[in-house]
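Enquirer: I'd like to go over a predicted model; first the sequence, then the structure.
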There are 2 protein chains.
Amino acid sequence: MSGRRGEGGRQAAGHPSASGSGPSAGTAQSVRNANLSAVLTLLFRGGPQSRAALARATGRNRSTIASLVGDLVAMGLASEDEAAPDGQVGRPSPVVSVSGEVAAIAVNPEIDELRVALVGLDGSVLRLLRRRYDTIPTAGEVLDATTVAVAALRGEGPACVGIGCAVPGQVRSADGVVRNAPHLRWIDEPFGQPLAEATGLPVRVANDASLGAIAEQCFGAGRGASNVLYLNGGASGIGGGAVVAGRPLAGAHGYAGEFGHIRVSSAEAGDSAGIAGTLEAMVTRAELLAVLGLAPADADRLHEALLADRTPAVRAVVERQLGHLATGLAAAVNVLNPQVVALGGFLASLLAYDPDGLRQAVAGSSLRPSDEDVEITASELGWRLLLIGAAMTAFEPLLANPAPVGRDG
Amino acid sequence: MSGRRGEGGRQAAGHPSASGSGPSAGTAQSVRNANLSAVLTLLFRGGPQSRAALARATGRNRSTIASLVGDLVAMGLASEDEAAPDGQVGRPSPVVSVSGEVAAIAVNPEIDELRVALVGLDGSVLRLLRRRYDTIPTAGEVLDATTVAVAALRGEGPACVGIGCAVPGQVRSADGVVRNAPHLRWIDEPFGQPLAEATGLPVRVANDASLGAIAEQCFGAGRGASNVLYLNGGASGIGGGAVVAGRPLAGAHGYAGEFGHIRVSSAEAGDSAGIAGTLEAMVTRAELLAVLGLAPADADRLHEALLADRTPAVRAVVERQLGHLATGLAAAVNVLNPQVVALGGFLASLLAYDPDGLRQAVAGSSLRPSDEDVEITASELGWRLLLIGAAMTAFEPLLANPAPVGRDG
DNA sequence: GGGATATGTTGGAGACAACAACAATCCACG
DNA sequence: CGTGGATTGTTGTTGTCTCCAACATATCCC
């Protein structure tokens, strides 16, 4: 009668202690940790703020905030500046910012390019290294190139707290093994562990669109919403990710968010996984490029070309794709009931072609009362999206459990 | 540049303080509260346990557990029994159980029946009142009948801490308004608030299948798994709910989990919401009953009849429905990556007809590596499912924030 | 320049879990 | 039947952390 599956009641219990790390939660130190985490997270997400603002936001006492900020400064995670008089009465409150001396490394391998960036705790991309590939790189090649790039970036100013990798494929979150990245043709390639051993830094690996969803929810179109859906259309297909109740939707093993492989049609055409009639199979950038007379290399011009060309041939293709996109979005909306749906890549172009049409089609196939409708909008973060998302994963342990950082890792 | 949507950063932040209630989290009292909640939740989910077991499970000190249990007993939420020697060496540890004097009321209106039950904190259905309807009841009728039933049940022994309602439709979680219950033909019917005013008890209202998912994850087929999907097939259609990362999937407004309205076919047939080709439209109990030569009233015999009849006509219908069900399940699995999928109602009958066929069809349309496949199984809790789920919602505030209970509410 | 307002600072108080030492109870073994 | 070993309950103390109150500081308004 009692549980079978390994962890049993512990993991299953929907307890507090949301972010599982840190002191076991329930002790006095865990209170300190939770408060440090709350303040640091507030600074990370909300930017520089006065101590008074932090006190209001957290509900803590002034003296407590002073102590917490002092600790964060001592840890090298934050800095305080004298407040410029802002026109308010009363003694001015020092402005606290996240430290500029703390950064993470974001890694994003694609079929034709590897990007490795140094991203500051304030969300700025401090330095970006790009390496182009003429042929699809193997996992080994990417690992080697990444290791070299990481070494170069660590020589820069800020202290590096970890590495986050955004991989276009399914990643087992537990150990960072890339289970299946069809476009890179990686199958069961260990990635997180070898990179961690080569660099000596903690490494997290996740699906690219899942990280995009996190970034978009935190700093982009989904700002302020707790339930955000992100879908991206690229050369290779459609990836997706979601933030549910303020937290990344991972699923049991980290494979959640494969919206591209929802079936939206009875057609025979298959997607990269061989499943027929899926969103990814029916809504493709290649078809749009073809009907617009553009070459695959002209993808950058897709957006403008699409909006400029309203000929019947284009219209027919776009409207068919919009219909399938609406079906897929409706399914996702019915299941997750998000507040914001952010579309990236050529899906944003499709949206721009006929925003109202898509919104109405989704509303027509979903169950939501119209006055509580979802907001379907374009992604906002552009090329920085995945880098920021990857860096956020790397920062996450630090935000959940603030600890001193130094130049020696 | 800063957030627009009302609550802004606060709600959006993926902080600790998972269950939002209780002392503001970060204070010493919140530690006490979190530990009381942890112990009570452990007792609720894991049944009677020794103090030593509680200490191991929570990681707290023996003396802390003694104090916590003492508080819970003083609050009337738990009781201690002298331990019967269990064959272990050492001083025997008292067994702690959840109090038998605490209960909640579960309400479940259907088109032909209203069920109101008194459910103990130990999960037992202490008393069940049923009221049959010849015509579909209005919200007002159900409210009146429920109020009467609640008054009767409160006269019983245990103290009642609240009311949980499982409604077959979309419920706005914030205020308990039934936005759209197509089979009951309720549209925008206030339910939670009037019931709370009539009874003086806190009321929570939610979609029936969402509550079923919670119950199944806690006590049924999903025991021990943190990511569980539940789909139920009834006379009126297909409802669904999910538990994600150990917590109910609610979405922005509480409408998440409408798996029945995922499109799985290009067919024209519409579902109760008028959307064509959805899972609910293509997979129906009525069609199964018809091909089996059973009347709608014979639904109870569907399961046996289906398994006994392997004629081509039945086979054709069942296999077509299984195909559509697989498509819908695959979409849900791709999006949520659950560990367990529990099927209830006639969906469990379909599963029993060809378990391997359905599992393979889902595997073929989903992206999961086969060795980390999901477990597709039948629901376990039967008729008590929704009552337990509804009661769990009612107990939830108490579990998150243990407080004294008494006979006077 | 004085009053009002808001905030930083400091010392003390309260709450709570951890710890250590001791007491209680059971099993195993001879 | 008695002794030793093991596990757990109990008690008093300690350390940590937040809160509170009083005071100091800095700005704005008149």
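Expert: Received the coordinates, thanks. Residues are numbered from 1 along each chain as shown, chains lettered A, B, ... in the order given.

Enquirer: check contacts around A:Leu343.
Expert: Listed by CB atoms under 8 Å, 6 or more residues apart in numbering or on different chains, the contact set of A:Leu343 reads A:Tyr230, A:Leu231, A:Asn232, A:Gly233, A:Leu350, A:Leu351, A:Ile376, A:Thr377, A:Ala378, A:Ser379. No exception for glycine: its C-beta is placed from N, CA and C like everyone else's.

Enquirer: count of neighbours near the last one?
Expert: So the one you mean is A:Ser379. Using other CB atoms under 10 Å in any protein chain shown, A:Ser379 has 23 other residues around it.

Enquirer: residues in contact with it?
Expert: Contacts of A:Ser379 (CB under 8 Å, 6+ apart): A:Gly212, A:Glu216, A:Gly220, A:Ala221, A:Tyr230, A:Asn232, A:Ala342, A:Leu343, A:Gly344, A:Gly345, A:Ala348, A:Leu385.

Enquirer: could you dump the contacts of A:Leu343 into CSV and include pLDDT?
Expert: Shown next, in CSV, are these (pLDDT from 0 to 100):
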residue, pLDDT
A:Tyr230, 98
A:Leu231, 97
A:Asn232, 95
A:Gly233, 93
A:Leu350, 96
A:Leu351, 97
A:Ile376, 97
A:Thr377, 97
A:Ala378, 97
A:Ser379, 96
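
Enquirer: longest helix anywhere in chain A?
Expert: Taking DSSP state H as the criterion, chain A has its longest helix at helix A:312-336.

Enquirer: report the angle between the very next helix or strand once past that helix and helix A:312-336.
Expert: Following helix A:312-336 in sequence order, the next helix or strand is strand A:340-345 (DSSP states H and E). With axes from the mean of the first three to the mean of the last three CA atoms, to 10 degrees as the basis, strand A:340-345 and helix A:312-336 are set at 140 degrees to each other.

Enquirer: for strand A:340-345, list the C-alpha coordinates in PDB.
Expert: Coordinates of each C-alpha in strand A:340-345 appear next as PDB, following Å, rounded to 0.1, in the frame of the first residue of the first chain:
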ATOM      1  CA  VAL A 340       1.200  35.600 -21.400                       C
ATOM      2  CA  VAL A 341       2.200  33.700 -24.500                       C
ATOM      3  CA  ALA A 342       5.500  35.000 -26.000                       C
ATOM      4  CA  LEU A 343       6.400  34.100 -29.500                       C
ATOM      5  CA  GLY A 344       9.900  34.200 -30.800                       C
ATOM      6  CA  GLY A 345      11.700  33.700 -34.100                       C
END
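
Enquirer: mind listing what's buried in the following helix or strand past that strand?
Expert: Where DSSP H and E defines the elements, the next helix or strand beyond strand A:340-345 is helix A:346-353. Applying a neighbour-count criterion of 16 or more other CB atoms under 10 Å in any protein chain shown, one finds A:Phe346, A:Leu347, A:Ala348, A:Ser349, A:Leu350, A:Leu351, A:Tyr353 buried in helix A:346-353.

Enquirer: next one: stretch A:70-80
Expert: When burial is assessed from 16+ other CB under 10 Å, stretch A:70-80 yields the following buried residues: A:Asp71, A:Leu72, A:Met75, A:Gly76, A:Leu77, A:Ala78, A:Ser79, A:Glu80.

Enquirer: ok, now how distant is whichever residue of the stretch 151-300 of chain A sits closest to DNA strand C from B:Phe44?
Expert: Distance from DNA strand C to each residue of the stretch 151-300 of chain A (CB to the nearest atom of the strand) is smallest for A:Gly224, at 22.7 Å. Going from A:Gly224 to B:Phe44 by CB to CB, to the nearest Å gives 34 Å.

Enquirer: ok, back up a step: tell me which of the contacts of A:Leu343 fall in helices.
Expert: Per DSSP H, the contacts of A:Leu343 map to helices at A:Leu350, A:Leu351.

Enquirer: ranking by neighbours, what's the top pick from the contacts of A:Leu343?
Expert: Within the contacts of A:Leu343, A:Tyr230 tops the neighbour count with 34 neighbours, counted by other CB under 10 Å.

Enquirer: per-residue pLDDT, the residue of the stretch 301-409 of chain A found nearest chain B?
Expert: Among the residues of the stretch 301-409 of chain A, A:Asn337 lies closest to chain B, at 2.5 Å counting by CB to the nearest CB. A:Asn337 carries a pLDDT value of 95.

Enquirer: spatially nearest residue to it, not counting backbone neighbours?
Expert: With sequence-adjacent residues excluded and distances taken as CB to CB, 6 or more residues apart in numbering or on different chains, A:Asn337 is closest to B:Gly251, at 2.5 Å.

Enquirer: can you report how many residues lie near that neighbour?
Expert: Using other CB under 10 Å, B:Gly251 has 25 other residues around it.

Enquirer: one more: the one 10 residues further on?
Expert: Neighbour count of B:His261, defined by other CB under 10 Å: 27.

Enquirer: ditto for A:Gln193
Expert: Counted with other CB under 10 Å, A:Gln193 comes out at 13.

Enquirer: next: the one 5 residues further on.
Expert: In terms of burial, A:Ala198 registers 16 neighbours under the definition other CB under 10 Å.

Enquirer: please apply the same query to A:Glu113.
Expert: A:Glu113 - counted by other CB under 10 Å - has 12 other residues nearby.

Enquirer: can you name the residues that contact it?
Expert: Counting by CB under 8 Å, 6+ apart, A:Glu113 has contacts A:Arg130, A:Arg131, A:Arg132, A:Tyr133.

Enquirer: any of those buried? List them.
Expert: Buried, going by 16+ other CB under 10 Å: A:Arg131, A:Tyr133, out of the contacts of A:Glu113.

Enquirer: please report how far A:Ala348 lies from DNA strand C.
Expert: According to CB to the nearest atom of the strand, to the nearest Å, A:Ala348 and DNA strand C sit 41 Å apart.

Enquirer: which non-adjacent residue is nearest that residue?
Expert: A:Ala348 sits nearest to A:Ala378 (CB to CB, 6+ apart), 4.1 Å away.

Enquirer: kindly report the same for A:Ala305.
Expert: In this structure, A:Ala305 finds its nearest non-sequential neighbour in A:Leu292, 4.9 Å apart by CB to CB, 6+ apart.

Enquirer: do A:Leu42 as well
Expert: In space, A:Leu42 is closest to A:Ala57, 5.6 Å off (CB to CB, 6+ apart).

Enquirer: so how far is A:Asn401 from the one you found?
Expert: Using CB to CB, A:Ala57 is found at 20 Å from A:Asn401.

Enquirer: next one: A:Leu128
Expert: Applying CB to CB to A:Leu128 and A:Asn401 gives a distance of 28 Å.

Enquirer: for A:Ala84, see how far away the closest residue to DNA strand C within chain A is.
Expert: Proximity of chain A to DNA strand C (CB to the nearest atom of the strand) peaks at A:Gly90, 2.1 Å away. Computed as CB to CB, the A:Gly90 to A:Ala84 distance reads 14 Å.

Enquirer: secondary structure element for A:Ala174, which one?
Expert: Residue-wise, A:Ala174 maps onto no helix or strand under DSSP H and E.

Enquirer: and if you look at A:Leu118?
Expert: strand A:113-120.

Enquirer: mind exporting that strand as PDB, just the C-alpha atoms?
Expert: Output in PDB follows, covering the C-alpha atoms of strand A:113-120 (Å, rounded to 0.1, in the frame of the first residue of the first chain):
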ATOM      1  CA  GLU A 113      27.400  28.500 -34.400                       C
ATOM      2  CA  LEU A 114      28.500  28.200 -30.800                       C
ATOM      3  CA  ARG A 115      28.000  31.200 -28.500                       C
ATOM      4  CA  VAL A 116      29.700  31.500 -25.200                       C
ATOM      5  CA  ALA A 117      29.000  34.700 -23.200                       C
ATOM      6  CA  LEU A 118      29.900  36.200 -19.900                       C
ATOM      7  CA  VAL A 119      26.700  37.600 -18.400                       C
ATOM      8  CA  GLY A 120      26.700  39.800 -15.300                       C
END
